[in-house]
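*Asks:* Give me the fold of what follows.
(one chain, ligands or ions: 2)
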Amino acid sequence: MVASQTAMLVPSVPVTASPSRTVGPSSVPGGVHDNRMMTRPDMTSGATAAGGGGVVNRLRPRRSCLAVPGSSARFLEKAQGLPADEVFLDLEDACAPLVKDSARHATVDALSNGDWGGKTRAVRVNDWTTHWTYQDVITVVEGAGASLDCVMLPKVAGAAQIQALDLLLTQIEKAMGFEVGRIGIEAQIESAEGLVNVEAIAASSPRLETIIFGPADFMASIGMRSLVVGEQPPGYPADAYHYILMRILVAARSQHLQPIDGPYLQVRNAEGFRAAARRAAALGFDGKWVLHPDQIAAANEIFSPSQEDYDHAELILDAYDWHTSAEGGARGAAMLGDEMIDEASRKMALVVAGKGRAAGMARTTSFQPPG
Ligand code: GLV
Ligand code: MG
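*Replies:* Ligands and ions are numbered 1, 2, ... in the order given. Sure thing, here's the model as predicted:
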């Protein structure tokens, strides 16, 4: 595992509340976690976590998000030693109805007593159309809230479902004496209805950290003619997921959230997984679910920038800093080698540099001011 997995991406400039995020239950009087809202004009790794300073860990390394059935003692144990950026202990579709309750308790035990080595720890609860959700949340958060980073809500159909979870979390945090608002929410988009409402969902709560594509349920929801989850359906000559992924990506980015791609179920098809991951990474997704240990290294590699791109991004940032300084001539546009750079180049470089820093990459080049 890379050392920086514990490092969060946070703004390196003073954090300001974003008016667009002041919606939802947490902003009502008495809701005290507005300090989690932030704009993300800049990113550095290794800065402070939540609490006191108003700077919060909304963005975390999530290149590989490992699904772990909450009902399997063996997998709960094994997952702890695997180099995924995030683990999510699953109480939903990986748990049969008869073991839902025992899985809750096994999950609390694994979170409280396991050694997760700095990984982001989430629990996927059942969706609000079942009768399990409230008990999942109460059992897990009361039992292991201090050892939990996020609750993942599947099959999100609209903003109200996120707000309901936000309210429930706030009550539990207050009752238990936990820091109110520390636990984040991850939202899965898995239906036509969820996708239609994805912009409102992304803006529904300052607890939200990610918007996740759930291809299996989504394919069923829209009637896609394929049973191979994450693969292109036969007979369609282009990328059948492009529209869906782009909507999720844009909705997530519009609220400074992380877009995450869902699972690829053919776990023995390494090349198929890599191709699907590369497509999502190229669009701008921050990570992908992994279902098998063999998929972890591929996801970590594919969702990190290449060494060349990372070095280049850091060079642009240094060069732009220098050229815009008094010493460098206070210029807004300047040359870096054969390339012209300006404020837009800086923004693009920040994205790549932020991903590289979160992945624990080290620079192999440094900026030398001209002349
Ligand atoms: C994940 O939950 C999916 O439905 O693909
Ligand atoms: Mg699903």
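*Asks:* drop to CA atoms for contacts and neighbour counts, all remaining ones
*Replies:* Fine.
*Asks:* show me the contacts for the residue lying closest to M340 once chain neighbours are set aside.
*Replies:* Nearest-residue entry for M340: A334, 5.6 Å, with adjacent residues in sequence omitted and distances by C-alpha to C-alpha, 6 or more residues apart in numbering. A334 sits next to 320, 323, 340-342 when contact means C-alpha atoms under 8 Å, 6 or more residues apart in numbering.
*Asks:* Between all of these, which two are separated the most?
*Replies:* Looking at the contacts of A334 by C-alpha to C-alpha, the two members farthest from one another are H323 and M340, with 11.6 Å of separation.
*Asks:* Out of the two, name the residue with the larger neighbour count.
*Replies:* H323 (22 against 11; other C-alpha atoms under 10 Å).
*Asks:* which ones are touching the residue nearest to P263 when sequence neighbours are not counted?
*Replies:* Spatial nearest neighbour of P263, chain neighbours left out: W289 (4.9 Å); criterion: C-alpha to C-alpha, 6+ apart. By C-alpha under 8 Å, 6+ apart, the residues touching W289 are 64-67, 260-264.
*Asks:* Confirm W289 sits in a strand?
*Replies:* Yes - checked against DSSP: H, G, I helix; E, B strand; the rest coil, W289 lies within a strand.
*Asks:* can you list the residues of this protein near ligand 1?
*Replies:* Applying C-alpha under 6 Å from any ligand atom, we find that the chain lies next to ligand 1 at 214-217, 262-263.
*Asks:* If we use 8 Å, what do you get?
*Replies:* Residues of the chain lying near ligand 1 by C-alpha under 8 Å from any ligand atom: 93, 154-155, 188, 190, 213-218, 229-230, 262-263.
*Asks:* the strands in the stretch 1-150 of the chain, which residues?
*Replies:* Counting by DSSP state E, counting those that start in this stretch, residue ranges of the strands within the stretch 1-150 of the chain are 9-10, 44-45, 64-69, 86-90, 120-124, 150-153.
*Asks:* Likewise for the stretch 151-300 of the chain?
*Replies:* Remark: strands assigned in the stretch 151-300 of the chain by DSSP E, counting those that start in this stretch are 184-189, 208-213, 258-261, 287-290.
*Asks:* Would you list the strands that the last one pairs with, along with their directions?
*Replies:* Applying DSSP bridges to the sheet, strand 287-290 is found paired with strand 64-69 (parallel), strand 258-261 (parallel).
*Asks:* what do you get for the second one?
*Replies:* Paired strands of strand 208-213, with direction, are strand 184-189 (parallel), strand 258-261 (parallel) (DSSP bridges).
*Asks:* which of those strands is buried the deepest?
*Replies:* Across the strands paired with strand 208-213, averaging neighbours per residue (mean count of other C-alpha atoms under 10 Å) puts strand 258-261 on top, at a mean of 28.
*Asks:* so where is the stretch 201-350 of the chain shaky, pLDDT-wise?
*Replies:* Judged by pLDDT under 70, the stretch 201-350 of the chain has no weakly predicted residues.
*Asks:* so what sits against both of H323 and M340?
*Replies:* Counting by C-alpha under 8 Å, 6+ apart, the common neighbours of H323 and M340 are 333-334.
*Asks:* Not counting residues beside it along the chain, what's closest to the closest residue to ligand 1 within the stretch 51-200 of the chain?
*Replies:* Across the stretch 51-200 of the chain, no residue is closer to ligand 1 than E190, which sits at 6.1 Å (C-alpha to the nearest ligand atom). What sits nearest to E190 in space, not counting adjacent residues and going by C-alpha to C-alpha, 6+ apart, is F218, at 4.4 Å.
*Asks:* burial of that neighbour, as a residue count?
*Replies:* 21.
*Asks:* So it sits against S191, correct?
*Replies:* Yes - proximity of F218 to S191 meets the contact threshold set by C-alpha atoms under 8 Å, at 4.7 Å.
*Asks:* residue boundaries of the helices in the stretch 201-350 of the chain?
*Replies:* Along the stretch 201-350 of the chain, counting by DSSP state H, counting those that start in this stretch, helices occupy 215-222, 242-254, 270-283, 293-302, 307-324, 343-358.
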